[in-house]
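S.K.: just to be clear, the model below is a prediction. Sequence and coordinates:
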Amino acid sequence: MKCKVRKLGWIVFILIYPLNLSAQEAERKIAYDNYRQYETAAQQVSDPAKEASIQLFRKYFSEYSERISKNLQLELEKYIQLLRTDGSFSDLSDSNAGKALKGNEADSGGSITDALNRIWTISEAFREGKLTVEQNSDLWDKCQKAILRYGNMEISRPNTWVRFHASCFAIPTAAVNIYFCHLKQMENVEQGCVKDEQLTAVCDMLKMLALQAWTQPFRNDDTDQNVVQLERFRNHVWWVGGNALGYRSLLPVAFMFRSIPMVDLLAEVCQKAISVTSQNTYDDSLWNEGFTADGAGWGHGKQCLIWGYPIDGTLNALNMLSLLKKSPWERKLTRENVDALFNYFRGSNYYYYKGYTLPCLDRNSMSYKPDGSVIRYNGMLKQLLDNWSDCFSESELQEIKQLYAEVRTKTILMKDYSSLYNGTRWFFNNDDLIKKNDRYHIIVNMSSSRCDGIESAIGFADSYNFYTTDGITLFQKDGNEYGKALGAYDVTAFPGVTAREGMDRLIPVTNWRGYCSKYNFAAAATRGGENAVAGYIFEKMNASDKEGVNDRGDNHGKNEILYGVKAYKSYFMFGDYMVALGAGITNKHPEIAGNIRTSIEQTEKTGKVYVNKGKGIEWIVQQGKFAYSAFPAYSRKVHYTCETKKTNWMKMNSSNQNNKDLPGQVDIFRMWIDHGPKPINESYGYVVYAGEGLPAERYPFEVLRNDTLVQAIQVAESQIIEAVFYSSEEILKTKNMTIEVSSPCALLIEKEKGGYTISVTDPEMNKDCTEIRVKINGKSVSCAMPQGRYGGKSTVVFMR
């Protein structure tokens, strides 16, 4: 049923809640004009079938809450007692309206958010029949006054970027729920059946507040003039991924406004959002956050935040599409949707091991989490099985069922699909090489100018995410080797990182883009088995200094010790070994105090640490874990220590104040190579053994080259060559082979019967590089480079 557009709402609102003639009036008028614009637009579209469906959805939302918090409901009686006759809460100060929460300026609703959530809690009691408008008229009157009081504070706030979390997530959610809790009264107003000016103003106010799910924060572009368009949900961190669909109550608000255009758009956005983006399609894909084509995901720019925003955005897209089933907006999952989901399930499982997500993949890695948990996409699997089974083939459905069963055990093996869920995988959109099997897990988290680092935020998230994407190499057998150690971590000594020492000189900052390398060079080559090679050029830069960043934080000009260390770093995986080489290590700012170190390990000490001597080599072994050996050439520079350190969990992440039983100390094993204070063109080499028992007495490989032009090894007693070519002008020579390439690349050559399997990757993702030619002993083969969304992926060819 269409409602008549009322023309007196703003006048009525002014009469009920007088406005101060100030700059705030302009903000209030914007809120009211927006409300009238979209209410009027909704009235101008007619479709009987969709109108009838909207009425059914309005009835549904009058019976069921959207995003309700059970914790709030426990305080019902308390909130009723605190609510005064003028609509204020006795324990809430107006001076806290718009105050940042825990130092997060983006979450600045303060007492406004608290008050409206309380009114929502009381309104739920009206919805459930515990209270009635007739028998509790005094309370209902106080609730109305509170809606106008705190709502007026909210719509008076300046339309700047701080109108984020509270203004577009929490407050609209409270407002739309309050509206539907009192739907009978609201519809009486909309139909012109009442002359109650206060109730009329309340209806207007709830719509102004709820509409903020669509309007806030202002983007300051053309979409602010019309938010009901596809472009509104593209190319902005506030309007893609979880920030677009995950946390906004968009669909209930669309039904609140009876807006067919809004629901039409949401159905389109939800379906198109279940797709992938990539480095090469960043500007063309619907979302430039969410699932990435390599099987991982991005959030807040090109950060590898695979467990938050990509899941939250996609899951709520599925939730909304599920709700729209058997309505005029019903849609089926397309082949693109299905492929994107499977790619993500298979790929992101590499970032989870035996019940634990890998550390350093979000802004809360330093939050103490001693217990394992099911993988975060568990909810998506259940959603698909419950509501979308008919969109999958029988084999696809069986895979989802098997995955869902294993997910709930916190151990994902998927033996019937082993090559899809285990092995080595190159995440070309995220600069990550991961090796995963049932015995151990290794990640090499490289860095380039293409990706962002991991964000940090003082007051409510990690405070020291300075090195988490600087080439860290994590070695795990249980899945939680680093969880306890992080409370006492020296972050300048993350495993695998080459950096200047000086943890005590670091100043915590808020940096929404983290830190990356200034070089566009990072790649790995693998065909998915046990062999892989990776390499990158590193010199740290602040990712917030990139062009087009609209959320830079407060980090500029701070922490000079982070910068000025350059290195060429490569990694070689074969069997149960990983070799790490470094070359060109140079301190470009020797005037800054502190030695330059390459850290090999910094982990919790859980077993005996001892020395095992081989034939001319020495291994440092942690019983039940891994063995580490620096090459003999660096024996005078290698150090290791076992120490008990006091933890400081609050320093690492202030959210730890909510955790009980925080360990006060932790035993830590550390190992590193010290390059001194002023290295120039120095190098390093070490190897880690991940297998059972003790490693071989002799290294099972030969280093062919380790310089700034080529880094390469050959596996002993085989013709497996792994190399990183930083220059295409070089020739790599072995005892019986010469190798040339036409472009810089990561290269894996595996001798097999009848020829060689060659895996090659372009480390620069050069769109003009359509092929790389590999020449072995004078014979050349062309390796076509993947294009489009798969740019940067390894190409695998066979040379006879």
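M.R.: Happy to help now that I have it. Model, not experiment: these values are computed from the prediction. Numbering: from 1, shown residues only.

S.K.: and the helices in the stretch 151-300 of the chain?
M.R.: 171-181, 183-190, 197-215, 241, 250-256, 260-273 (DSSP state H, counting those that start in this stretch).

S.K.: tell me what the longest one is packed against?
M.R.: Using 3 or more C-beta pairs under 8 Å, 6 or more residues apart in numbering; DSSP states H and E as the contact definition, the elements that helix 197-215 packs against are helix 9-16, helix 23-43, helix 137-155, helix 171-181, helix 183-190, helix 250-256. In this view, the C-beta of every residue, glycine as well, is placed from N, C-alpha and C.

S.K.: among these, which is the most enclosed?
M.R.: Highest mean neighbour count of the helices and strands packed on helix 197-215: helix 171-181, a mean of 28 (counted as mean count of other C-beta atoms under 10 Å).

S.K.: on that earlier part again, could you dump the helices of the stretch 151-300 of the chain to CSV with distance to residue 521 and mean pLDDT?
M.R.: Output for these, formatted as CSV (distance: least, C-beta to C-beta, whole Å; pLDDT from 0 to 100):
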stretch, distance to residue 521, mean pLDDT
helix 171-181, 44, 98
helix 183-190, 59, 98
helix 197-215, 42, 98
helix 241, 28, 93
helix 250-256, 41, 99
helix 260-273, 32, 98
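
S.K.: now do the contacts for the nearest residue in space to residue 463 that is not next to it in sequence.
M.R.: Closest residue to residue 463 apart from its sequence neighbours, by C-beta to C-beta, 6 or more residues apart in numbering: residue 508 at 3.7 Å. Contact criterion C-beta atoms under 8 Å, 6 or more residues apart in numbering gives 456, 458, 463-464 as the residues in contact with residue 508.

S.K.: Three-state assignment for residue 537, please.
M.R.: strand (DSSP: H, G, I helix; E, B strand; the rest coil).

S.K.: and for residue 721?
M.R.: Residue 721 ends up strand, using three-state DSSP.

S.K.: tell me the contacts of it?
M.R.: Residue 721 touches 704, 712-714, 732, 734, 737, 739, 747-749, counting by C-beta under 8 Å, 6+ apart.

S.K.: again, only this time at 10 Å
M.R.: Listed by C-beta atoms under 10 Å, 6 or more residues apart in numbering, the contact set of residue 721 reads 533, 572, 704, 712-715, 732, 734, 737, 739, 747-751, 756, 758, 776.

S.K.: and it, how far is that from residue 531?
M.R.: 10 Å (C-beta to C-beta, to the nearest Å).

S.K.: check residue 309 too.
M.R.: 33 Å.

S.K.: then residue 679?
M.R.: When distances are taken as C-beta to C-beta, residue 679 and residue 531 turn out to be 31 Å apart.

S.K.: between the two, which one's more packed in?
M.R.: residue 531 (24 against 21; other C-beta atoms under 10 Å).

S.K.: leaving out chain neighbours, which residue sits closest to that one?
M.R.: In space, residue 531 is closest to residue 574, 5.0 Å off (C-beta to C-beta, 6+ apart).

S.K.: could you double-check that that neighbour sits in contact with residue 715?
M.R.: Yes. Contact criterion C-beta atoms under 10 Å: residue 574 and residue 715 qualify, at 5.0 Å.

S.K.: which neighbours do these two share?
M.R.: 531, 700-701, 722, 750.

S.K.: out of the contacts of residue 508, what pair is the most spread apart?
M.R.: 458 and 464 (10.1 Å; C-beta to C-beta).

S.K.: show me what contacts the residue nearest the centre of the chain?
M.R.: The chain has residue 305 as the residue nearest its centroid, 1.9 Å off, counting by C-alpha atoms, centre = their mean. Going by C-beta under 10 Å, 6+ apart, residue 305 touches 241-242, 289, 296-299, 311, 361-363, 452, 454-455.

S.K.: sorry, back to before: overlap of the contact sets of residue 721 and residue 531?
M.R.: With C-beta under 10 Å, 6+ apart as the test, residue 721 and residue 531 both reach 572, 715, 748-750.

S.K.: using TSV, please lay out those residues together with pLDDT, secondary structure and neighbour count.
M.R.: Supplementary listing: these in TSV, determined by pLDDT from 0 to 100; DSSP: H, G, I helix; E, B strand; the rest coil; neighbours: other C-beta atoms under 10 Å:
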residue	pLDDT	secondary structure	neighbour count
572	99	strand	28
715	96	strand	20
748	99	strand	29
749	98	strand	25
750	97	strand	21
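
S.K.: rewinding a little: closest to residue 477 among the contacts of residue 305?
M.R.: Nearest member of the contacts of residue 305 to residue 477, counting by C-beta to C-beta, is residue 361, at 18.9 Å.

S.K.: right, and that closest one touches residue 310 too?
M.R.: No. In this structure residue 361 lies outside contact range of residue 310 using C-beta under 10 Å: 11.5 Å.

S.K.: of the two, give the one with the bigger neighbour count.
M.R.: residue 310 (29 against 26).

S.K.: phi, psi of that one?
M.R.: phi -60, psi -40 (degrees, to the nearest 10).

S.K.: now swap in residue 293 and tell me
M.R.: phi -60, psi -20.

S.K.: neighbours of it, how many?
M.R.: Other residues close to residue 293 by other C-beta under 10 Å number 26.

S.K.: got the contact list for it?
M.R.: 275-281, 285, 340, 343, 347, 427-429, 786, 788-793.

S.K.: at 7 Å what do you get?
M.R.: 276, 278, 429, 789-790 (C-beta atoms under 7 Å, 6 or more residues apart in numbering).

S.K.: tell me which element residue 597 is part of?
M.R.: Counting by DSSP states H and E, the element that carries residue 597 is strand 596-604.

S.K.: next: residue 114.
M.R.: helix 111-127.

S.K.: tilt between that helix and helix 171-181?
M.R.: Here helix 111-127 points in a direction 20 degrees away from that of helix 171-181 (axes from the mean of the first three to the mean of the last three C-alpha atoms, to 10 degrees).

S.K.: quick one: residue 161 from residue 96, how far?
M.R.: 20 Å.

S.K.: typo on my end, it should be residue 332
M.R.: 48 Å.

S.K.: same question for residue 574.
M.R.: With C-beta to C-beta as the criterion, residue 574 and residue 96 are 60 Å apart.

S.K.: compare these two (neighbour count), which wins?
M.R.: A direct count of neighbours by other C-beta under 10 Å for residue 574 and residue 96 places residue 574 higher, at 23 against 13.

S.K.: okay, the more buried one and residue 720: tell me how far apart.
M.R.: 6 Å.

S.K.: what residues are shared contacts of those two?
M.R.: Joint contacts of residue 574 and residue 720 (C-beta under 7 Å, 6+ apart) are residue 531.

S.K.: for stretch 514-521, buried residues please.
M.R.: 514-519, 521 (16 or more other C-beta atoms under 10 Å).

S.K.: point out where the stretch 551-700 of the chain drops to low pLDDT.
M.R.: 551-553 (pLDDT under 70).

S.K.: helices along that one, start to end?
M.R.: Under DSSP H, counting those that start in this stretch, the stretch 551-700 of the chain gives helices at 649-652.

S.K.: next one: the stretch 351-500 of the chain
M.R.: 378-387, 394-407, 418-421.

S.K.: just send those helices back as TSV, with mean neighbour count too.
M.R.: Output for the helices of the stretch 351-500 of the chain, formatted as TSV (neighbours: other C-beta atoms under 10 Å):
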stretch	mean neighbour count
helix 378-387	17
helix 394-407	16
helix 418-421	16
